[in-house]
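*Asks:* Fold the following and give me the result.
(one chain, ligands or ions: 1)
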Amino acid sequence: MPESRVPRRRRFVVCEPRHFAVQYAINPWMRPDRPVDVPLAQAQWQALVDAYRAHGHTVETVEPVPGLPDMVFAANAAVVVGGRVFGSFFRAPERRPESLPYDTWFKSAGFDVYRPESVCEGEGDFVPAGRWMLAGTGFRTTPEAHREAQEYLGVPVIGLTLVDPYFYHLDTALFVLDDGTDGTDGNVAYYPEAFSPGSREVLARLYPDAVIATREDAMAFGLNSVSDGRHVFISPGATALAGRLADHGYLPVPVDLSEFHKAGGGIKCCTQEIRS
Ligand code: ARG
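*Replies:* Below is the predicted model:
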C-alpha cells in the first residue's frame with residue numbers, strides 16, 4: 001500500500017435535481033406512491049457538488065429539463081474517454097429524451113458525440129478502468145453496445161453480466177478506486193454476488209486485490225461511489241466498506257444522497273466524468 005495515495009483532479013458534469021421525482025418504476029427501488037422531498041434532494045445534491053469542489057475538482061452543470069425526473073443521473077448520459085463522447089440510448093422510453101440535452105451540452109463544450117444504435121446507459125454500465133473499460137449488461141446496456149463502444153473508443157471492453165435486479169447498472173455494484181494511470185492495472189471495489197459466476201471469475205483475475213463489499217454496503221449504495229485516487233465520496237450507510245477503504249489507505253468522504261436512493265441512484269449516478 002502506498003504511504004499516501006495521490007488524488008487526481010477530475011472534471012465532472014452534473015444536473016441539478018430541480019425536476020427530480022419518482023414518477024415511474026424502472027428498477028426495484030422506485031415506488032411512485034412514495035413522495036420525494038425535492039428541497040432535501042436539492043440540499044443533498046448541493047452538498048455533493050460542494051464536496052467535489054472542496055477537494056479540488058471541477059464541476060460543470062447541464063440545465064435540467066422539466067418532465068425528465070431522472071435527468072439528475074448525469075452518469076447515464078454518456079461515457080467519455082480520451083475526449084471522445086459515446087452517448088446514450090436509454091432502455092426505458094421515459095428516459096430517452098434525456099440524451100438530447102446532454103448531447104447538446106457536450107457539443108457546445110466542443111466535443112463530438114457518437115450516437116449509439118444499441119441500448120446503452122453511459123457510465124451507468126460503462127466503467128473506464130485505466131487501460132480497459134468494464135461494461136455491464138443483463139438489465140440495461142446490451143452486448144451490442146459494448147461492441148459499438150469498443151469500436152468507437154478504441155478501448156478494450158470487458159463485458160460483465162449483472163444478475164440481481166437491485167444492482168441493475170454496473171455502477172451500483174462496482175466502482176474504480178484507482179484507474180491505474182501510473183501504469184498499473186488499478187483497483188476496484190465490488191459486490192461479487194451482483195455478477196454471474198463467470199463474471200465474478202473475470203473480476204477476481206483482473207483484480208486479485210479488490211476491496212470486496214457486503215450486500216449491506218451495496219444496498220446502502222456504497223458501490224455507487226466516486227474515487228479520485230485518494231478521497232472516496234461514499235454513502236454514509238456503507239460503514240463496513242468505508243472501514244475497508246480506510247484500511248487500504250483511502251479517505252472516505254461521506255455524502256448522503258438518501259433522497260436519490262428512492263429512484264435507485266446515488267453519488268456516482270449523479271456524476272458524469274469527462275476524461276480528456
Ligand atoms: N431511476 C434511474 C433509472 O432507473 C436511476 C439511474 C441511476 N443511475 C445510475 N448510474 N445507476 O434509470
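*Asks:* CA only for contacts and neighbour counts going forward, please
*Replies:* Will do.
*Asks:* Enumerate every residue touching the residue in the stretch 51-200 of the chain positioned nearest to the ligand.
*Replies:* Taking CA to the nearest ligand atom as the measure, the point where the stretch 51-200 of the chain comes nearest the ligand is G124, at 3.7 Å. For G124, the contact set (CA atoms under 8 Å, 6 or more residues apart in numbering) comprises 75-76, 169-172, 269.
*Asks:* Can you pick out the ones from the residues you listed that are in strands?
*Replies:* With strands identified by DSSP state E, none of the entries of the contacts of G124 belong to them.
*Asks:* Of these, which are in range of the ligand?
*Replies:* 75-76, 169, 171-172, 269 (CA under 6 Å from any ligand atom).
*Asks:* List only those of these flagged as buried.
*Replies:* Buried members of the ones next to the ligand among the contacts of G124, scored by 16 or more other CA atoms under 10 Å, are 75-76, 169, 171-172, 269.
*Asks:* who's in contact with stretch 99-115?
*Replies:* Identification of contacts with stretch 99-115 by CA under 8 Å, 6+ apart yields 62, 77, 83-90, 152.
*Asks:* Let's have those residues in CSV, adding secondary structure and pLDDT.
*Replies:* Formatted as CSV, those follow (DSSP: H, G, I helix; E, B strand; the rest coil; pLDDT from 0 to 100):
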residue, secondary structure, pLDDT
V62, strand, 98
A77, helix, 98
G83, coil, 97
R84, strand, 98
V85, strand, 98
F86, strand, 98
G87, strand, 98
S88, coil, 98
F89, strand, 98
F90, coil, 98
Y152, helix, 98
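*Asks:* Quick one: the buried ones among the ones next to the ligand among the contacts of G124 as JSON lines, columns for pLDDT too.
*Replies:* Converted to JSON lines, these look like this (pLDDT from 0 to 100):
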{"residue": "A75", "pLDDT": "98"}
{"residue": "N76", "pLDDT": "98"}
{"residue": "H169", "pLDDT": "98"}
{"residue": "D171", "pLDDT": "98"}
{"residue": "T172", "pLDDT": "98"}
{"residue": "C269", "pLDDT": "98"}
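*Asks:* low-scoring pLDDT stretches of this structure, where are they?
*Replies:* Along the chain, segments meeting pLDDT under 70 span 1-3.
*Asks:* Have a look at it and report its longest helix.
*Replies:* Of all the segments assigned as helix in the chain under DSSP state H, the longest by residue count is helix 38-54.
*Asks:* What parts of the stretch 101-250 of the chain come near the ligand?
*Replies:* Those residues of the stretch 101-250 of the chain that sit near the ligand, judged by CA under 6 Å from any ligand atom, are 124, 169, 171-172.
*Asks:* buried stuff in stretch 204-216?
*Replies:* The neighbour-count criterion (16+ other CA under 10 Å) identifies 210-215 as the buried residues of stretch 204-216.
*Asks:* what number of residues lie near T61?
*Replies:* As a burial measure, the neighbour count of T61 was computed by other CA atoms under 10 Å and equals 12.
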